[in-house]
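just to be clear, the model below is a prediction. Sequence and coordinates:
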Amino acid sequence: MGALASSTTTAPAHGPGGAHGRTRDAARLLALLFFVLALGFAGTAFALGDVFFLRLATEALIFGGLALSVDLLLGRTGLLPLGQALFFGLGAYVAALTLKHGGGSFWLAMAAATAVSALAGLAGGLIAIRSKGVYFALISFGLAQVVSKVVYNTRELGASDGIIGVPQPTVLPGVGAADPLGFFLVVLVFVAAVYATLAYLGGTPFGRQLDAIRTNEHRVAFLGFDPWRYKLTAFVAAACIAGASGALYPMLRGFVSPELMFFQVSGNAVINVIVGGTGTLIGPLYGSALLTGLKSVVGSYTAHHHIVIGTLFVVVVILMPRGLIGYATPALQRWLDRRGGAR
Amino acid sequence: MSAQALATASRVPAADAVLEVAGLSVRFGSLLAVDNVSFAAQRGRITSVIGPNGAGKSSLFNLISGAIRPSAGRVVFEGRDLTGAPPERMLAAGLARSFQITNLFFDLPVRENLRLAAQFIENGRGLFRGVGASRAALMRVDELIERFALQAQADELAGFLSHGEQRRLEIAVALAARPRLLLLDEPTQGMSHADTQDTEALIRSLAADGLSLLLVEHDVELVMNLSDHVVVMHQGAKLAEGPPLQVRADPAVQAAYFGDAREANHA
């Protein structure tokens, strides 16, 4: 990762304005911690012979992939997508159809879902990227509404029932979607790869250009870069990530339904990002794990788990506007610095 | 300068013009903000546009830099017709601008502001490699930090700088892509006297390096000291142009621009 390390040239170690680089160690530690915890959880669940929580955690990771796509748009590019479930659901449907009628290959399903999402992202981007701020948010919301209603009313796609009986594919010899531990690890590798790619992108001129667009889009054009192209690229990339994440869903649950494209899913993804920490990348994964877990745990006591989740969201936004990881990272860094200084 | 020299200076053939503006107009609703303005800026010279508030100077700048599209007329840069081109194409052609109202990436460090601006000289290379791989851009950043004396502020967020430092960074950012023509929109806006003098020296040194400059300025004394050629605008139209002394002596300019102040002094 020499390229990543060399980004220190623009990242000061100290100084009042060094928000860029001052918290790098802590951010890396928290990212590492997430994947270590995930592996620890998998080992424990496997040892205890658990299936339910492994499946639930796999679902949390899948929605984590969707949250990463939202963070690419919201946290980096400054675009609030309220319809990201469109691409998630599209990927899920394409994968379900491919698995059911196209031979049942995991890789073919992933490739098809990603390709279709890319095309849909390009089409959606050409429409939505023209607008900014709240208008972009509403157009992305509207696009998802239109497509989900079309799917909901299309008999060939199972209408409101969706597609059931999707076969669980084999990923690698001996590892299949039917194997709770194996598929959890597959999804974990997928999410880690998306995370690593986005983290790497943040240290490239392309990724920094997205930061510039978020910070002051107007000036970017006067520096010789067409912001529209960058936003469109980010939008298509986010659609691919959301679509590929969605493709994993029918492999886990064996079905898809139009609800996957509904606002509930889009809204939850945004909440996962904001609770976890917008722009931190690892935060959205923590957010997805936390909120998916909470929903299940609280949901087993009361049907009104939305009240609990909603309250938590409000509390986090008020007390920690940068989200859990946005709050924890500088605190951890201070602790690391103190410890480093003491030595 | 003799009268004859003055006359020829204002009639320099277009051959050495870096920028030619012909019949440029823009209409906002019923307001003709820029009305059929033509002038040329010579290579390696300092050309200034002055005029009272609302004379259309900023709109003229926005037209030349691609921020807005003209209703009529042409913008020709180094012989290429760039009329109506968007800002990124203007910059790619070699024409950069600064802003009257500081227009930086306030949430990003000074160094990163400059790196974003310098990335253009990499010509699209290394877009998906670590920023450290764009060596030419990073060297350009170091160069600019030194030239603009921003060493102490390099790692501060741009939003934390003093007004004078931000104005300096504003020019440095505009220069980062090595333009051949730099448009400076009121570079000394809100500056202290000392900072204004520093900026004047800076502009002179840029011109000495062979950069062509086009200024919009409020500070008439600064303009008269600095400029090789002055364009006076009034109510959207060009009122006069020529070397500073000639423009200052022009009765129409005196009436429209300096006149008011003098009458006030006499009264």
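Structure received.

quick check, the residue in the stretch 51-200 of chain A closest to chain B?
Using CB to the nearest CB, the closest approach of the stretch 51-200 of chain A to chain B is made by A:Y200 at 8.0 Å. C-beta here means a position set from N, CA and C on the backbone, and glycine is covered the same way.

pLDDT score assigned to A:L223?
Turning to A:L223, the model gives it a pLDDT of 95.

hang on, it in a helix?
No: assigned with DSSP: H, G, I helix; E, B strand; the rest coil, A:L223 falls outside any helix and is coil.

count the neighbours of it for me.
24 (other CB atoms under 10 Å in any protein chain shown).

from what I can see it touches B:L114, true?
No: contact criterion CB atoms under 8 Å: A:L223 and B:L114 do not qualify, at 10.3 Å.

what touches both of those two?
B:173, B:176 (CB atoms under 8 Å, 6 or more residues apart in numbering or on different chains).

and the closest residue to B:L206 other than its chain neighbours, which helix or strand is it part of?
Spatial nearest neighbour of B:L206, excluding adjacent residues (CB to CB, 6 or more residues apart in numbering or on different chains): B:L213 at 6.4 Å. B:L213 is part of strand B:212-216, with elements assigned from DSSP states H and E.

that strand packs against which elements?
strand B:17-28, strand B:31-42, strand B:46-50, helix B:57-64, strand B:181-185, helix B:193-208 (3 or more CB pairs under 8 Å, 6 or more residues apart in numbering or on different chains; DSSP states H and E).

residues making contact with it?
Contacts of strand B:212-216 (CB under 8 Å, 6+ apart): B:18-19, B:41-50, B:57-58, B:60-61, B:64, B:100, B:180-187, B:203, B:206-207, B:223, B:226-227.

okay, and for chain B, where does confidence drop off?
B:1-15, B:258-267 (pLDDT under 70).

any idea how far the residue nearest to B:L206 is from chain A?
16 Å (CB to the nearest CB, to the nearest Å).

so what's the residue count around that residue?
B:L213, neighbours per other CB under 10 Å, totals 23.

and what of B:F120?
Neighbour tally, B:F120, other CB under 10 Å: 21.

how close does it sit to B:V110?
Plainly put, B:F120 is 18 Å away from B:V110 if you go by CB to CB, to the nearest Å.

one more: B:A237?
Distance from B:A237 to B:V110, by CB to CB: 40 Å.

for A:N268, same thing?
Distance from A:N268 to B:V110, by CB to CB: 39 Å.

and those two? Which one has more around it.
A count of neighbours by other CB under 10 Å puts B:V110 above the other of A:N268 and B:V110, at 31 against 21.

where exactly do the strands run in the stretch 101-250 of chain A?
A:170-172, A:175-176 (DSSP state E, counting those that start in this stretch).

elements contacting the longest one?
Packed against strand A:170-172, as judged by 3+ CB pairs under 8 Å, 6+ apart, are the following elements: helix A:180-201.

buried residues in the helix it packs on?
Residues of helix A:180-201 classed as buried by neighbour count (16 or more other CB atoms under 10 Å in any protein chain shown): A:180-188, A:190-192, A:194-195, A:198-201.

over to stretch B:205-220?
Counting neighbours by 16+ other CB under 10 Å, the buried set in stretch B:205-220 is B:206-207, B:211-217, B:219-220.

of those, closest to A:D25?
B:L206 (41.0 Å; CB to CB).

now do the contacts for that closest one.
B:175, B:182, B:213.

for the first one, give its distance to chain A.
Spelled out, that is B:L175. 11 Å.

would you map the strands across the stretch 1-150 of chain B?
Ranges of strands in the stretch 1-150 of chain B, per DSSP E, counting those that start in this stretch, are B:17-28, B:31-42, B:46-50, B:72-77, B:80-81, B:95-97.

now mean neighbour count and distance to chain A too, for those, in a markdown table please.
A markdown table is the format used below for the strands of the stretch 1-150 of chain B (neighbours: other CB atoms under 10 Å in any protein chain shown; distance: least, CB to the nearest CB, whole Å):
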| stretch | mean neighbour count | distance to chain A |
| --- | --- | --- |
| strand B:17-28 | 19 | 16 |
| strand B:31-42 | 20 | 18 |
| strand B:46-50 | 26 | 18 |
| strand B:72-77 | 18 | 14 |
| strand B:80-81 | 12 | 16 |
| strand B:95-97 | 27 | 6 |
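
quick one: closest of those to A:V273.
Closest among these, using CB to CB: strand B:95-97, at 35.9 Å.

report the distance from stretch A:289-301 to the chain centre.
Computed by CA atoms, centre = their mean, to the nearest Å, the chain-centroid distance of stretch A:289-301 equals 18 Å.

closest one to A:L294 among the strands of the stretch 1-150 of chain B?
strand B:95-97 (51.2 Å).

what comes into contact with that closest one?
A:222, B:19, B:61, B:64-65, B:77, B:82, B:90, B:174-175, B:177, B:179-185.

now the residues you listed: which count as buried?
The neighbour count (16+ other CB under 10 Å) marks A:222, B:19, B:61, B:64-65, B:77, B:82, B:90, B:174-175, B:177, B:179-185 as buried among these.

can you give me the helices in the stretch 151-300 of chain A?
A:180-201, A:205-221, A:227-253, A:263-276, A:282-299 (DSSP state H, counting those that start in this stretch).

kindly calculate the angle that the last one makes with helix A:180-201.
Put plainly, it is helix A:282-299. 150 degrees (axes from the mean of the first three to the mean of the last three CA atoms, to 10 degrees).

what does helix A:282-299 rub up against?
The contact list for helix A:282-299, computed with CB under 8 Å, 6+ apart, reads A:27, A:30-31, A:34, A:38, A:56-57, A:59-61, A:63-64, A:66-68, A:70-71, A:75, A:191, A:195, A:268, A:271-277, A:305, A:308-309, A:312, A:323-326.

pLDDT on that helix, on average?
91.

can you report how many residues neighbour residue 253?
You didn't say which chain, so I picked chain A. With other CB under 10 Å as criterion, A:R253 counts 20.

I was after chain B.
Neighbour count for B:V253, taken as other CB under 10 Å: 22.
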